[in-house]
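1. what follows is a predicted protein model with its sequence.
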Amino acid sequence: MLEKMKMLLGITGNEKDGLLQFVLDTVTDMAKTYCNMKPDEAIPDQLNNLLVRMAVDMWRAEGYGNEKNNNMEVTSVRRGDVTTSFRPVGGDFNTGTGAGGADFIKAYTKQLNAFRKVGW
């Protein structure tokens, strides 16, 4: 899954592998929690591509990989007493909690519901 994620993001080399794996693990944990899977339970093969897509979206939404070039976009401008706000390029699903918030997983519920188990 790590290699697919690197391909989709256009990343070559291994210097970001640790951060990429962290994002992939985070997304995997979120999906397992949503689907009521046990932490040690194996992920179905059919779920792998969705997890990669989720990880790529989280990578972009959180602005990972932009630390060197500091790509920022303007989110608000106020002219009286001059205020300008920025955020990392890539957008975010939830400005209050970041991409790891509840709104992030809501974007994938239709696909994840096929793997969801009944929880008591």
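-> Perfect, thanks for sending it. Numbering: from 1, shown residues only.

2. residue 17: neighbouring residues, count only.
-> Residue 17: 13 surrounding residues under other Cβ atoms under 10 Å. (Each C-beta comes from the backbone N, C-alpha and C, glycine too.)

3. now do the buried residues in the longest helix seen in the chain.
-> In terms of residue count, the longest helix belonging to the chain (DSSP state H) is helix 17-34. With burial defined by 16 or more other Cβ atoms under 10 Å, the residues of helix 17-34 counted as buried are 20, 23, 24, 26, 27, 28, 30, 31, 32, 34.

4. quickly note the distance from the fourth one to residue 79.
-> Taking Cβ to Cβ, to the nearest Å as the measure, residue 26 and residue 79 are separated by 39 Å.

5. residue 106 and residue 34: what is the separation?
-> 10 Å.

6. repeat for residue 24
-> With distances taken as Cβ to Cβ, residue 24 is found 16 Å from residue 34.

7. need the buried residues of helix 17-34 in TSV (columns: distance to residue 59 and pLDDT).
-> Output for the buried residues of helix 17-34, formatted as TSV (distance: Cβ to Cβ, whole Å; pLDDT from 0 to 100):
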residue	distance to residue 59	pLDDT
20	7	95
23	5	94
24	9	95
26	10	93
27	9	94
28	14	94
30	14	92
31	15	93
32	19	94
34	19	91
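
8. and which of the residues you listed is nearest to residue 111?
-> residue 31 (9.5 Å; Cβ to Cβ).

9. low-confidence ranges in this structure?
-> 66-76, 84, 86-102, 120 (pLDDT under 70).

10. could you rerun that using 90?
-> 39, 60-107, 117-120 (pLDDT under 90).

11. which residue is nearest the centroid of it?
-> Nearest residue to the geometric centre of the chain (Cα atoms, centre = their mean): residue 58, 1.6 Å.

12. from residue 105, how far off is that one?
-> Residue 58 is 10 Å from residue 105, by Cβ to Cβ.

13. cool, residue 28 as well?
-> 12 Å.

14. same deal with residue 80?
-> Taken as Cβ to Cβ, the span from residue 80 to residue 105 is 39 Å.
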